[in-house]
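[1] My questions concern the predicted model and sequence given below.
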Amino acid sequence: MNQTIVPTTWVVVDDGSSDATPKLLEKAVQNYPFIEVVRREDRGKRSVGPGVIEAFYAGLKTVNLDEFDYVCKLDADLELPERYFERLMEEMESEPWLGTVSGKVFIRDGNGQEFHEIRGDENSVGPCKFYRVQAFRDIGGFERHVGWDGVDGHQCRARGWLARSIMCDELKIIHRRQMGSSDHGIYIGRVRGGLGLWYIGNSLIYVVARSVARLNEKPRIFGSLCTFWGYLHAWFTRHERFGDDAYLRTLNRFERKALLYGKRHAVETFNREILAWRRSTPNNEPTYARRTTAVERP
């Protein structure tokens, strides 16, 4: 534990490990009194997406969130700079309407070179989601479905909270495996990602633009095609989708601005509007999404 600020409570969920993990956790508990371990039975197979969140909630139900300011969903296969959590709390303290924040994720290859796993600035990254407890509660927590780590950022904006990830050395996350590659390989992971885009509520034109923009991301070309196929398959099979009216209006408006002016412009526009609304509107008035879209032009 090399962090400059250590957790008040760190709940480690052993999700049915069959290796030496239980013994390692016993040793960790002896060395670090703030660690608590929750052990779950082996479900017999991986459950990427909902399984991750089920494990998270198995740990969360052992604590009282009223006693904490921040809550973090943290994967076990990460390397973090020593000021990582201190830096995130500095961000939270400097902006009271920042709901969730993270650094950026990098992969290190066999030669020691590091490559950014491209993700937008509009949300915290899935492997390490650091939340203000109030914001986490306002959005209703995490969805137990593939795409949960995209829904939450748009939910933040719909409920009047900022969501972001930050590129800087003090927040550089090293991921020991490529995102989406843990279950049956990277291509199946990309198909699953396409399902997540459908569940989130993304439009066809937005997914096409996203797939084109990521043609250079490894695995090149075929990875984007797999994502697009996952989205189309979910569409053709009429898979369920997430969202109430406020959420969908916020998402659709974000997509339009991103397609017309670029995602960075969309993020900056929403952030300005949310901050202006927060500073001028009592907390008991309607949600940000209802207020802004009520006067929006088609």
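    Sure thing, it's come through.
[2] ranges for the strands of the stretch 101-250 of the chain?
    Under the criterion DSSP state E, counting those that start in this stretch, the stretch 101-250 of the chain contains strands at 104-108, 114-116, 128-132, 162-165, 172-175.
[3] Which of these sits closest to residue 37?
    Of all the strands of the stretch 101-250 of the chain, the one in closest proximity to residue 37, counting by CB to CB, is strand 128-132 (19.8 Å). C-betas here are computed from N, CA, C, even on glycine.
[4] Remind me what the closest one packs against, helices and strands.
    Other helices and strands packing on strand 128-132, by 3 or more CB pairs under 8 Å, 6 or more residues apart in numbering; DSSP states H and E, are strand 70-74, helix 84-94, strand 98-102.
[5] Indicate which one of the strands of the stretch 101-250 of the chain is closest to residue 262.
    Of all the strands of the stretch 101-250 of the chain, strand 162-165 sits nearest to residue 262, with 15.9 Å by CB to CB.
[6] Contacts for the closest one, please.
    Applying CB atoms under 8 Å, 6 or more residues apart in numbering, the contact partners of strand 162-165 are 95, 97-104, 119-125, 152-153, 156-157, 267, 271, 274-275.
[7] swap the cut-off to 6 Å and go again
    The contact list for strand 162-165, computed with CB atoms under 6 Å, 6 or more residues apart in numbering, reads 97-102, 104, 121, 123-125, 153, 156, 271, 274.
[8] partners of that strand in the sheet?
    According to DSSP bridges, strand 162-165 forms sheet pairs with strand 98-102 (parallel).
[9] For this protein, give me the ranges with low pLDDT.
    Scanning the chain with the threshold set as pLDDT under 70 gives 1, 43-49, 178-185, 283-286, 289-298.
[10] let's see 80
    Filtered on pLDDT under 80, the chain yields the residue ranges 1, 16, 18, 42-50, 110, 177-185, 216-220, 282-298.
[11] Okay, helices next: where are they in it?
    Listed in chain order, the helices of the chain (DSSP state H) span 21-31, 50-60, 84-94, 133-138, 148-158, 186-200, 204-213, 222-236, 245-261, 263-280, 288-293.
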